[in-house]
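A.B. asks: requesting a structural model of the entry that follows:
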Amino acid sequence: MTTVEGVPAAYVVLNKPRAGDYTITANEGSPGVAAVKVADGYTPAKVKATVKRGSVAYRITSGGSGQQIVFAEKGKVGTRIIGTAKGSRGRLRFKPAAGPGGKRTVVAMIQRNGFVTDTITVGSFKALGPAKPGTVKRLKAKHVGTVLTVTWRGAAKASRYSVLVRGTKGSRAARLVGSKARKLRLTGMRRDEKFTVTVRALSKDMRAGAPKAVKTLK
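C.D. replies: Sure, this is the predicted structure:
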């Protein structure tokens, strides 16, 4: 007994039945037979493929009888569809899904009438992890009176910047600014402190680049 879409049901399957006439009769007291389905015989598809440099070159034999071959990549990121084969041979180009780097496998899923009848591993590749942003350059900090002004040159692949200020007498300040920011002005800073300013570039997924630090002279 199994449940499909919340409805309890029992299924009886005859695999490779002998030729001839069949009579189906429900046992006394059991539920009636809801439906009888007959599958037409067919030759399962065979798939050969090569995974190389962001593409899948494939060759398919016996791909008829309504069969469809779908390629997918599998790894820590989960399973993502690459594309569907068109014809008996061809090439699918793809970009690996964003996510952790490392080994990913490519599988060919043979489908018929919406159901996966077989899954074949056809190759693998090594995905690169998300790129970290670069390091800011020409970082400067100027402390005049109660104002601390920080300037820098932008870093590659930066979506925003974190600015952390530490004073020699315990003062702390932190700010997040946008990707176009190249200057930050902080007011109300102590006159009698020296400050260390650290700026890091952050990517869209909050991966941090290498920190860059500078000290004020005063």
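
A.B. asks: number of residues surrounding A208?
C.D. replies: Using other Cβ atoms under 10 Å, A208 has 12 neighbouring residues. For every residue, glycine as well, the C-beta is placed using N, CA and C.

A.B. asks: that one contacts R160, doesn't it?
C.D. replies: No. Counting by Cβ atoms under 8 Å, R160 is not a contact partner of A208; they are 10.4 Å apart.

A.B. asks: mutual contacts of the two, please.
C.D. replies: Residues touching both A208 and R160 (Cβ atoms under 8 Å, 6 or more residues apart in numbering): A201, L202.

A.B. asks: wait, R185 touches H143, no?
C.D. replies: No. Using Cβ under 8 Å, R185 makes no contact with H143, being 11.4 Å away.

A.B. asks: more neighbours, these two?
C.D. replies: H143 (22 against 10).

A.B. asks: check what pLDDT the more buried one gets.
C.D. replies: You'll see H143 listed with a pLDDT of 96.

A.B. asks: mind telling me what element the residue sitting furthest away from the middle of the chain is part of?
C.D. replies: Ranked by distance from the centre of the chain (Cα atoms, centre = their mean), the top residue is E28, with 53.7 Å. Following DSSP states H and E, there is no helix or strand that holds E28.

A.B. asks: before we move on, what about L139?
C.D. replies: Using DSSP H and E, L139 sits within strand 137-144.

A.B. asks: next one, pLDDT for V77 please.
C.D. replies: Predicted confidence (pLDDT) for V77: 78.

A.B. asks: let me redo that: F115
C.D. replies: Here, the pLDDT recorded for F115 equals 84.

A.B. asks: is it bridged to anything, and to what?
C.D. replies: Beta bridges link F115 to R112, judged by DSSP bridges.

A.B. asks: count the residues that sit near it.
C.D. replies: Using other Cβ under 10 Å, F115 has 7 neighbouring residues.

A.B. asks: do you know how far M109 is from T119?
C.D. replies: 5 Å (Cβ to Cβ, to the nearest Å).

A.B. asks: could you do A19 as well?
C.D. replies: A19 sits 31 Å away from T119, going by Cβ to Cβ.

A.B. asks: more crowded one of these two?
C.D. replies: Taking neighbours as other Cβ under 10 Å, A19 and T119 compare with T119 leading, 13 against 4.

A.B. asks: low-confidence ranges, this protein, go.
C.D. replies: Scanning the chain for pLDDT under 70 picks out the ranges 1-11, 38-40, 218.

A.B. asks: can you give the domain ranges for it?
C.D. replies: Structural domains annotated on the chain: 46-127, 137-215, as defined by automatic domain parsing.
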